[in-house]
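**Q** Build me a model:
(chains A and B)
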Amino acid sequence: MKYKVFVSFIAYTHNGGGKVAGFLKAVDDYLSSTFECHEIIIVNDGSTDSTASEVESASRGLNGNLILINLPWRHGLEPAMTAGLHKSVGDFVYEMDSIDTDCPDDFLRKMYETAVTGFDIVAGVPEAAQSMSSRLFYRFINRVSYADLHMTSETVRLASRRAINAMLSLKEKFRYRKALYLLTGYPKKNLLYRSPSRGRSGRPWYEDLDLALDVVIGYSNIGIKAIHFLSASLAIGGWAIYGYFFENVIEGWTAIMVFLSCVFSGLFFILGMLGEYILRILNEVKGRPYYTVSSVKVFSETANAAKAGRVGRLERDSQATEPSR
Amino acid sequence: MRYDHLILGAGIYGLYAATLLGKRGLKVLVAEYEDGPFRRASWINQARVHHGYHYPRSVSTALRTAMYYRRFNADFPFAINRSFKKIYALSSVGSLTNAAQFLKFCEHVGIPATEINASAYFNPQYVEAAFETEEYAFDPFAVRDSLMEKARETGKVDFLFGARLLNAERQGGVYSVAFGDGRRVEAPAVLNATYSSTNQVLSKFGFQPMNIKYEICEVIMVGVGGRLKDAGLTVMDGQFFSVMPFGLTGSHSLTSVAFTPHMSSYEKLPVFMCQERNPECTPGQLANCNTCPAKPSSAFPYMNQLAKKYLATGMEMGYEGSLFAIKPILLAAELDDSRPTIVMRLSEEPSFVSVLSGKINTVYDLEEVL
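**A** Okay, here's the model as predicted:
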């Protein structure tokens, strides 16, 4: 039996050309066997390979609409997924942050079944596949954040329309959906699944580090606190080192140098932290759009079916489709 | 048989031209593929009497449209539905024009727009601003009946329905046109007013086809209640939607830029996969999508879902039926979104004129050339 609900499925890809066709087929099979109506949205984040044309040829035979959003240059995961969310029309929306995610159909179905029991946001968490660095990061951010985040690695998420609307209407320029959804206050549940492969973000380490820094600054006051702490401790440290050398070194040259280097490193750290905060203020003030779209292509259900040689009336009789509200 | 003027296509352009020429005392034949007038695009559209609001990125199109708007309303007062509020809203994400630009544009073209509280009709999260405007809907059946009446009154207009155009050749100062029933018509002047079949007719007459993209489009009829009953809503400027009264029928039409087109063809003569299922329909001669056994299933679930996202709660619509027709779009128009009426005189003696327009109320463009 199919659930009488319209579901959108958004997936992010950057240079995922070779894998797009298999991914689309699998997702479409799952969606069309589970829900009465669906659309798939692929956000092509400035790919330099053949992703766009692969998506077009993979649209053949799909059982629902396929929408391809092309971004003109690489925006990164969060702005790109925001573009997909703005486009989506589903009552429930799956967000998959990478087309490499190998999450079984049964689990995706379980996510929906969990959602309708009263959870607006259901996240899929790969079991025991977290890398050391991400485990450390989440322990750190959950500890230092002023919000009650309970964040962990999520590879796929299902959100209700009202949760998406609430999340999208949060005005913050720095989009980190995982935390933004939590800020909406709608009930959330994390579900574990066994991932055959080790979950990887697919991003190079420096981008992960950048994202981690953004999250720490966006959702905690740790930076400001660290500045106060560091200014104090460096002063004490400088004094201690000076004292250590006071007895032996007559010239005092070493001591002064150590003292100066400590103080300056502290100062530079403070300036760096302040700079990060000022950068965020600047970004908020500039008010740039989250993303820029170069083109949106809709591959309609009818055209997809026709390309696969199925023309004419499909099984789903439009007369029988009641408006669901 | 000999006529002074042969008109191909009994849509609004064909019938308007027939009355115009008939009044001048010319003997006119209107040849139509279908069994009656107004069976395709003249019927299957949004039934909007365009006032120009649709073209914030093409002021020339808007100005021309606004000019004809009053004239059309004056010529067909009995066919105009004025009894609803026409609201234009600008989407807050993905719109190619913002509220300030839209207002400035309206001011420039000289069409009224007053900002209203968007949350009366829309989910304010997705709508930047909403404007009450002045725009009406026409009833295609009333326009059809009036034009047929006027054409008959002239006493000079004959109709050939169910016509199958076979071929055409020049014989001195006339075109000799052969139809499927063995009939041969000679006329010193021909008007091609066939809209989606423009290129097929052009090629049968030996002219260069135009650069056209074809789309199989669906206009959905919906039943509405509450506040939506007395309103026509259009969300701009991009892949959004419109729901507005369909003439005087009591139904609303629902269309959207993203979901109304089901399939596209970029060939000069339209090639669609569904033609395999209907031997009547070929690149050389399009059959009627609306009665086609291979017509697409409705995109109502998608459009309804899109509308649901944008509309305030309590604005439900119920599916009543779908109308399908092929829409030709000039490829040059995709960049600036202009919708010029193309009137081409391709031959002087004998005369051959071809017209292609995407709007009903620019029918007056014909006067310049006939």
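
**Q** Please identify the buried residues of stretch B:177-190?
**A** B:Val177, B:Ala178, B:Phe179, B:Val185, B:Glu186, B:Ala187, B:Pro188, B:Ala189, B:Val190 (16 or more other C-beta atoms under 10 Å in any protein chain shown). Backbone N, C-alpha and C define where each C-beta goes, glycine included.

**Q** Would you agree the last one is in contact with B:Phe352?
**A** Yes - counting by C-beta atoms under 8 Å, a contact exists between B:Val190 and B:Phe352, whose distance comes to 5.0 Å.

**Q** and for the two, which residues touch both?
**A** Common neighbours of B:Val190 and B:Phe352, using C-beta atoms under 8 Å, 6 or more residues apart in numbering or on different chains, are B:Tyr175, B:Phe205.

**Q** Now distance to chain A and pLDDT too, for the buried residues of stretch B:177-190, in CSV please.
**A** Converted to CSV, those look like this (distance: C-beta to the nearest C-beta, whole Å; pLDDT from 0 to 100):
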residue, distance to chain A, pLDDT
B:Val177, 33, 95
B:Ala178, 32, 95
B:Phe179, 30, 94
B:Val185, 36, 94
B:Glu186, 40, 94
B:Ala187, 38, 95
B:Pro188, 43, 95
B:Ala189, 40, 95
B:Val190, 34, 96
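
**Q** Reformat the residues you listed as a markdown table; add distance to B:Asp139 and secondary structure.
**A** Output for the buried residues of stretch B:177-190, formatted as a markdown table (distance: C-beta to C-beta, whole Å; DSSP: H, G, I helix; E, B strand; the rest coil):
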| residue | distance to B:Asp139 | secondary structure |
| --- | --- | --- |
| B:Val177 | 33 | strand |
| B:Ala178 | 36 | strand |
| B:Phe179 | 31 | strand |
| B:Val185 | 32 | strand |
| B:Glu186 | 37 | strand |
| B:Ala187 | 32 | strand |
| B:Pro188 | 36 | coil |
| B:Ala189 | 31 | strand |
| B:Val190 | 30 | strand |
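
**Q** Closest to A:Met132 out of the residues you listed?
**A** Using C-beta to C-beta, B:Val190 is the member of those that sits closest to A:Met132, with 79.4 Å.

**Q** Enumerate every residue touching the closest one.
**A** Residues in contact with B:Val190 (C-beta under 8 Å, 6+ apart) are B:His5, B:Leu6, B:Ile7, B:Leu8, B:Ala168, B:Tyr175, B:Val177, B:Phe205, B:Pro350, B:Ser351, B:Phe352, B:Val353.

**Q** Is there a neighbour count for A:Gly272? I'd like the number.
**A** Taking other C-beta atoms under 10 Å in any protein chain shown as the criterion, the count of residues near A:Gly272 is 11.

**Q** Equivalent analysis for the one 4 residues further on, please.
**A** Using other C-beta under 10 Å as the criterion, A:Glu276 is surrounded by 14 other residues.

**Q** Looking at the buried residues of stretch B:177-190, which is nearest A:Ser53?
**A** Using C-beta to C-beta, B:Val190 is the member of those that sits closest to A:Ser53, with 42.9 Å.

**Q** now the residue of chain B found nearest chain A, what's its secondary structure?
**A** Per C-beta to the nearest C-beta, the residue of chain B with the smallest distance to chain A is B:Ser298, at 3.1 Å. For B:Ser298, the secondary-structure state derived from DSSP: H, G, I helix; E, B strand; the rest coil is coil.

**Q** What does it show for phi and psi?
**A** phi -60, psi 150 (degrees, to the nearest 10).

**Q** What is the neighbour count of the residue lying closest to B:Ser92 once chain neighbours are set aside?
**A** Nearest residue to B:Ser92 in three dimensions, chain neighbours excluded: B:Glu128, at 4.2 Å (C-beta to C-beta, 6 or more residues apart in numbering or on different chains). With neighbours defined by other C-beta under 10 Å, the count for B:Glu128 comes to 18.

**Q** Need the per-residue pLDDT for residue 314.
**A** Just so you know, I chose chain A. pLDDT, A:Leu314: 45.

**Q** You answered for a different chain; I wanted chain B.
**A** The predicted local confidence for B:Gly314 comes out at a pLDDT of 84.

**Q** where does the chain have low pLDDT?
**A** I'll assume chain A. Filtered on pLDDT under 70, chain A yields the residue ranges A:128-130, A:147-150, A:196-203, A:224, A:228, A:230-254, A:257, A:311-325.

**Q** Actually, chain B is the one I wanted.
**A** Counting by pLDDT under 70, chain B contains low-confidence ranges at B:333-338.

**Q** Within range of chain A, give me the residues from it.
**A** Where chain B comes near chain A, counting by C-beta under 8 Å from any C-beta of the partner chain, the residues are B:93-94, B:123, B:125, B:216, B:239, B:258-259, B:261-264, B:272-274, B:276-277, B:293-302, B:304-306, B:308-309, B:316-319, B:322.

**Q** Number of residues surrounding the closest residue to A:His14 other than its chain neighbours?
**A** Closest residue in space to A:His14, ignoring its immediate chain neighbours: A:Asp45 at 4.5 Å, by C-beta to C-beta, 6+ apart. Residue crowding around A:Asp45 was assessed by other C-beta under 10 Å; the count is 26.

**Q** Beta-bridge partners for A:Asp45, please?
**A** A:Leu71 (DSSP bridges).

**Q** now do A:Val93
**A** Listed by DSSP bridges, the beta-bridge partners for A:Val93 are A:Ser8, A:Ala159.

**Q** Next up, the contacts around it.
**A** For A:Val93, counting by C-beta under 8 Å, 6+ apart, the contacting residues are A:Val7, A:Ser8, A:Phe9, A:Ile10, A:Leu85, A:Leu158, A:Ala159, A:Arg161, A:Ile164.

**Q** out of these, who's nearest chain B?
**A** Distance to chain B across these (C-beta to the nearest C-beta) is lowest for A:Arg161, with 7.5 Å.

**Q** what's the spacing between whatever residue of the stretch 101-250 of chain A ends up closest to chain B and B:Arg57?
**A** Of all residues in the stretch 101-250 of chain A, A:Ser169 sits closest to chain B, with a separation of 5.3 Å (C-beta to the nearest C-beta). Applying C-beta to C-beta, to the nearest Å, one obtains 28 Å for the distance of A:Ser169 from B:Arg57.

**Q** more crowded one of these two?
**A** For the pair A:Ser169 and B:Arg57, the greater number of neighbours falls to B:Arg57 (16 against 11), based on other C-beta under 10 Å.

**Q** re earlier: quick one, which of the residues of chain B next to chain A are buried?
**A** Buried members of the residues of chain B next to chain A, counted by 16+ other C-beta under 10 Å: B:93-94, B:123, B:216, B:239, B:258-259, B:261-263, B:272-274, B:294-302, B:304-306, B:308-309, B:316-317, B:319, B:322.

**Q** In helices, which of those fall?
**A** Helix and strand membership here follows DSSP state H; of those, those in helices are B:Phe300, B:Pro301, B:Tyr302, B:Asn304, B:Gln305, B:Leu306, B:Lys308, B:Lys309.

**Q** Verify the stated contact: B:Ile329 with B:Met210.
**A** No - in this structure, B:Ile329 is not within contact of B:Met210 by C-beta under 8 Å, at 10.6 Å.

**Q** List the beta-bridge partners for B:Gly223.
**A** B:Gly318.

**Q** which ones are touching it?
**A** Contact analysis of B:Gly223 by C-beta under 8 Å, 6+ apart lists B:Ser251, B:His252, B:Met317, B:Gly318, B:Glu320.
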